[in-house]
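In: can't give you the sequence, but here's the structure:
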């Protein structure tokens, strides 16, 4: 499985961005997908998880502002980010966990930079 993240950029505080994560390869083996972010000097932060059945969980830090979704037909996951704050500035990574005949594997996208100006 390969993951390609896109959609990052520079936005003013209060603005919105939508990140996309396109999966390719053995995509039917993908179970959970998630978005993380990792800024220099900070710990990697799990933002949201979406299961194969569409069940979602969002971190408290982004709940009500960010929404994770996925289109299994397009093999693409999204993160809609609204009401962005300067502290949301980070590199955002997409993640997928696959289950192939009982063997689990983890995959990461290359990261996309999000910069929020005040």
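Out: Looks like it arrived, so ask away. Bear in mind that the values here come from a model prediction, so they are computed numbers and not experimental data.
In: quick one: the strands in the chain?
Out: For the chain, applying DSSP state E gives strands covering 2-6, 9-12, 17-24, 30-38, 45-50, 56-58, 66-71, 76-81, 90-100, 103-108, 112-117.
In: what's the fourth one in contact with?
Out: By that I understand strand 30-38. 1, 19, 21, 23, 44-52, 66, 68, 70, 75, 77, 79, 88, 90-99, 111, 114 (C-beta atoms under 8 Å, 6 or more residues apart in numbering). Placement of C-beta: from N, CA and C, glycine included.
In: what about residue 59, distance to residue 79?
Out: 12 Å (C-beta to C-beta, to the nearest Å).
In: joint contacts of the two?
Out: Taking C-beta under 8 Å, 6+ apart as the contact rule, residue 59 and residue 79 both touch 47, 48.
In: now the residue positioned nearest the centre of the chain: how far from residue 92?
Out: By C-alpha atoms, centre = their mean, the mean C-alpha position of the chain lies nearest to residue 35, the distance being 2.6 Å. To residue 92, residue 35 is 6 Å away according to C-beta to C-beta.
In: okay, and the common contacts of the two?
Out: Common neighbours of residue 35 and residue 92 are listed as 19, 47, 79 (criterion: C-beta under 8 Å, 6+ apart).
In: top of those residues by neighbour count?
Out: residue 79 (27 neighbours; other C-beta atoms under 10 Å).
In: for that one, which residues make a bridge with it?
Out: Here residue 79 sits in beta bridges with residue 19, residue 68, going by DSSP bridges.
In: my read: it touches residue 67, true?
Out: Yes: Residue 79 lies in contact with residue 67 (C-beta atoms under 8 Å); the separation is 7.3 Å.
In: find residues that contact each of the two.
Out: residue 48.
In: leaving out the residues flanking it, which one is nearest to residue 83?
Out: Leaving aside its sequence neighbours, residue 83 sits nearest to residue 65 (C-beta to C-beta, 6 or more residues apart in numbering; 4.7 Å).
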